[in-house]
Every structure is written in structure tokens, then in C-alpha cells.
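S.K.: Predicted model, plus sequence, below.
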Amino acid sequence: MVEMLRNEGLKRVRMRLITAVVFVFTLTCSGSFGMEDVVSSSGPGMTLLLIIFLPLVWSVPMAFVASELGSMVPEAGGLYRWIRRALGEYWSFQGGWWWTLSLYVDSAVYVALALDYLEARYGFGGGTRAIIGISLVAIFTFINIRGLELTGWSITIIQIGVMVPLLIFTVWGIVEGTGNPFSPILPPGESVLTSLNLGLAIMMWMYAGWESLSTLSGEIENPQKVIPKALMIGTPLVILTYLVTVFAAIRVARIGDPDGWMNMWTGGGGIDFVEAAQMIGGGVLAYLLLISAVLSNIGLYAGYLATGSRPAFQMSRDRLFPKWYGLTHKSWGTPWTAILVMGFINAALINFNFDALITIDVFLLMFPYVLIYISVIVMRVREPEAPRPFRVPMPTWALTVWVAFPIAIAIIALFVNGIDWMIGGLIGILTGPIAYLVFKSIYKGTTDEALEGSTLTPEGTLTEFGAQVEGATA
């Protein structure tokens, strides 16, 4: 999209399929660190059952829907552009705003979790924690501003460092651990509903992110083909990774104590993956898992710093956000101001409580997810013949039934995390209409059809404003 990129200042890069798969794996998994809290709050059996069955009605629908919408509307900003084409300017702003707020919190969670692991191991104080956290944010903010190629290489190297120790632990833990990881299903005295209080929120967060890579569509060659393939490969990899690693961790936690799973949590004092590695492999394996845990969350941060900054950038280009948010770096072709602002916000949030951040994050994320699911149905009805290089292999009525499940789960999640976080989340949601009125009055938005972006020919070639774009399929 030569002319489009010249106008936007974005640099389009050739992303290999393996790199795109690594991106998907990073954005949706990057190891199983954080699952410890689900085991202790929801029970070992319920945790493993959620790992197996929740994707069928939560993450797999989003992976397929994101593939269809991303192949049909392969534009910078991803979900923001999907919702705009389906539901119009107002709802696309709401979706982009809520998703961006969620990602600002979400990305800070990864740095906070990495710091939790380091602090639990080395016991440093708040000042040291802040210095380390701000340094990590600064380093990866620069890497993201420097370019998508460097970000891709970085997360690939990071994921090697994550998975090699984790695979060693998994094999060792399954062999050396004891007990049936599926028993008991629930914690003593808990019902199914009460056991999901924190566990469901964390599990939904663990299985979120399938829509994220599409926000980079304006900077990837052939995104309508590469991204759906990466999602279809990455989805089963994530499910398998969670299942075998958590299975192993539960068996290790029960060594010497059948109720050891009740002591599984992050943040110090419990059995996390690092402590479990210490139990079976001593200091060497524990050190390797500590490196894996820290790299896991750093990788997640690097990935979400990239994807989380793009919708706001595109909203600025559509005259619905401050104009300076839409600036691109003249040499590196990245939305550097949007990335920089996100980095500053992350640095301010990293000292918040992990569980609190997760719950607020999930609350904010649910509403854009509902808009995405509605958008795919609207687009099926309104534009049934529009080219879709990837199409969910089911008729529209069946797709409607399928996406009704994650919509229902999203609604349930809003009510199971406590009244305090519901109030806080609702306040966050209500900022969307207010922000729209403010930014619309200042920047006026746009009704220019040219800004509605690219479309696809039946052959899968990208076009812009009805004319074929030179180099779109290179």
C-alpha cells in the first residue's frame, strides 16, 4: 500500500509466518506464569477443565472472528477499524477507547508480574523495584519505537528463553510429581460460582489477545493472509502449553502435601512456578524458571506495547484523538508518540496490585469484545459478498449462536469479581461516551469516505478508494 503508507508515515515490513506465530503466542500466552492464582482460587480440577473447555467458547471464537474480520478489513488499528465499518464512528470510538484503556492496564500488569517474581526471589525494596520496572519500560519503549522488525526479533529471542526452561520443568514435574492433578475439582467449601470469583477473570485474561496482532495490519505485508494463518497455528499451541505446564505444576505442588495446590499463588510466600522448580530441581532449575518467568512477562509487555498503541494512533488519524498522537517517526516509520505515551502510563501503573489490575483490565476488555462479535455478524448480513480471504467455516446463523457464548461469558464476568471492581470498571466504561463528546467537539471527526480505508478484490488484492494499490501483494 505504497500511497497509503506514504500518507500515514508507517513502514510496512515483511513478517514471516513463524514470526507472526511467535507474536500470536506471545500476545496470548508467553508461558503459563500467573496460572498459579487460578489453581488456588478455583481448584486444580476446575483450572484444568477451564484450560481445556473455556477456549471452545471464549478464545477460539475470537481467533476465528479476528481472522475473518482481519482478512476482510486489513487496516491499521485492527478492531477499531472493524467496528467502524460495521457499526459506525461512535461505536468504533467506544471500542477503540475501551480497548486502549484496557491495554494500558494490561501491559503494566506484565511488568508488575515480572517484578513480583524478582521481588519474591531477591526480596528487594520498593525503590529498587521502581528502578527496575521503569528501566524495563524505557528499554522496550525504545525497541518498539525503533521498529516492528526489532520488536519481532526481540520477542522471538525472548520466547526461546521462556520455553526451553519451561519445557524442562514440565517434563521433570510430570515425572517427579505426585497425585491426580484433577482432584479435587473445587476448593473445599466452594461452589462452582464462588470458585470462579478470581479464577475466571485471570483465565479469561490468559486466553485473551487473539485480536491484538491485527492492529499491526497497516505495517505488515499481506496481513489478510499472514495473520489468520498465524492465529490458526497459535491457538492450539497456547491451549497445549497451558495444559501440560499447569498439569506438571500441580503435581509438583503436591509433593509431600496432597493439599499443596492450595498454596499456589504468585507474589511471594506461595508455590509459584519458580518455587515448584526449586522443589524438584534445586537452585539451578529454579533460577532457569525465574529467568523464564521474567522473560515471559517482558515478552508480553513488548508485544502489547506495540499492538496497544495502534488503535489510538488510527483514531488520531481519523480526527477523533489529539493530532500529535498520530505522528510517525520519519526514519523508523512507527507511531512513536502513541508508543511513548503508553510507556509513561505503564511506568506509573507498575506498582499496583496484580489481582486488582487484572480485574479492571478484564472488565474494560469485555465491552470491545462484545462489539467485535456484533461486528462480524453485521458484516455478514450487510456485506455478504465482500471478499474474505479467511471465512469462519459456518453459516451466519451458526456463527451467531457460537459468538453468543463468549458474549454471555463476558456478561457473567462483569458480575463475579466483586462490587468494588464493578464500580471501578463501570467508571472506566463511562469515560468512553464522555471522551467521544470531548474529542468530537474539538477535532470534529471525519465523514470523508476516503478515510474508511482499504478493501479487497475477489482475488485478495488490497485496494484503496476503489483503485488497486501498487505493491499491496508484494
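M.R.: Alright, I've got the coordinates. Numbering: from 1, shown residues only.

S.K.: residues touching the residue nearest to the spatial centre of the chain, list them.
M.R.: For the chain, Gly209 is the residue whose C-alpha lies nearest the centre (CA atoms, centre = their mean; 2.8 Å). Contacts for Gly209 (CB atoms under 8 Å, 6 or more residues apart in numbering) come out as 27-28, 304. Where C-beta positions appear, they are placed from N, C-alpha and C, glycine not excepted.

S.K.: hang on, Phe390 packs against Glu68?
M.R.: Yes - in this structure Phe390 lies within contact range of Glu68 using CB atoms under 8 Å: 5.6 Å.

S.K.: Spit out the residues that contact those two alike.
M.R.: In contact with both Phe390 and Glu68: Pro228, using CB under 8 Å, 6+ apart.

S.K.: correct me, but Leu136 touches Tyr301?
M.R.: Yes - judged on CB under 8 Å, Leu136 makes contact with Tyr301 at a distance of 7.2 Å.

S.K.: So which of the two has more stuff around it?
M.R.: In this view Leu136 and Tyr301 are compared by other CB atoms under 10 Å, and Tyr301 has more residues nearby, 33 against 22.

S.K.: Please identify the helix or strand for the more buried one.
M.R.: Per DSSP states H and E, Tyr301 falls inside helix 273-308.

S.K.: can you pull the buried residues of that helix?
M.R.: 273-281, 285-308 (16 or more other CB atoms under 10 Å).

S.K.: just for the stretch 301-450 of the chain, where's the confidence low?
M.R.: Along the stretch 301-450 of the chain, the model assigns pLDDT under 70 to residues 353-360, 416-418, 420-421, 447-450.

S.K.: So which residues of it form helices?
M.R.: 310-317, 336-349, 354-382, 396-413, 419-443 (DSSP state H, counting those that start in this stretch).

S.K.: Give me the distance between the last one and the centre of its chain.
M.R.: Between the centre of helix 419-443 and the centre of its host chain there is 21 Å, according to CA atoms, centre = their mean, to the nearest Å.

S.K.: Give me the packing partners of that helix, helices and strands only.
M.R.: Applying 3 or more CB pairs under 8 Å, 6 or more residues apart in numbering; DSSP states H and E, one finds that helix 419-443 contacts helix 89-122, helix 354-382.

S.K.: Out of the contacts of Gly209, flag the one nearest to Ile434.
M.R.: When these are ranked by distance to Ile434 (CB to CB), Tyr304 comes first, at 25.1 Å.

S.K.: Just list the residues touching that closest one, thanks.
M.R.: Residues near Tyr304 by CB under 8 Å, 6+ apart: 27, 103, 106-107, 110, 209, 212.

S.K.: at 7 Å what do you get?
M.R.: Tyr304 sits next to 27, 103, 106-107, 110, 212 when contact means CB atoms under 7 Å, 6 or more residues apart in numbering.

S.K.: Tell me which of those has the lowest pLDDT.
M.R.: In terms of pLDDT, Asp106 ranks lowest among the contacts of Tyr304, with 82.

S.K.: With Ala435 as the reference, measure out to that one.
M.R.: 19 Å (CB to CB, to the nearest Å).

S.K.: same deal with Val246?
M.R.: Distance from Val246 to Ala435, by CB to CB: 39 Å.

S.K.: One more: Asn222?
M.R.: Taken as CB to CB, the span from Asn222 to Ala435 is 34 Å.

S.K.: For Leu327, give me phi and psi.
M.R.: With angles defined as degrees, to the nearest 10, Leu327 sits at phi -70, psi 140.

S.K.: quick one: the closest residue to it other than its chain neighbours from Phe53, how far?
M.R.: Excluding the flanking residues, the one nearest Leu327 by CB to CB, 6 or more residues apart in numbering is Thr337, at 4.6 Å. Counting by CB to CB, the separation of Thr337 from Phe53 is 42 Å.

S.K.: And these two? Which one has more around it.
M.R.: Thr337 (21 against 10).

S.K.: mind listing what the more buried one touches?
M.R.: Taking CB under 7 Å, 6+ apart as the test, what Thr337 contacts is 324-325, 327.

S.K.: repeat that for 8 Å
M.R.: Contacts of Thr337 by CB under 8 Å, 6+ apart are 324-327.

S.K.: Over to Leu231?
M.R.: Counted by CB under 8 Å, 6+ apart, Leu231 has contacts 24, 63-64, 66-67, 210, 213.

S.K.: Show me which pair in the residues you listed is furthest apart.
M.R.: Pairwise over the contacts of Leu231, using CB to CB, the maximum falls at Phe64 and Leu213, 14.0 Å.

S.K.: Between the two, which has more neighbouring residues?
M.R.: Between Phe64 and Leu213, counted using other CB under 10 Å, the more crowded position is Leu213 (30 against 24).

S.K.: Tell me the secondary structure of that one, please.
M.R.: Recorded secondary structure, Leu213: helix (DSSP: H, G, I helix; E, B strand; the rest coil).

S.K.: picking up where we left off before, indicate which one of the helices of the stretch 301-450 of the chain is closest to Gly256.
M.R.: Gly256 lies closest, by CB to CB, to one member of these: helix 354-382, at 27.4 Å.
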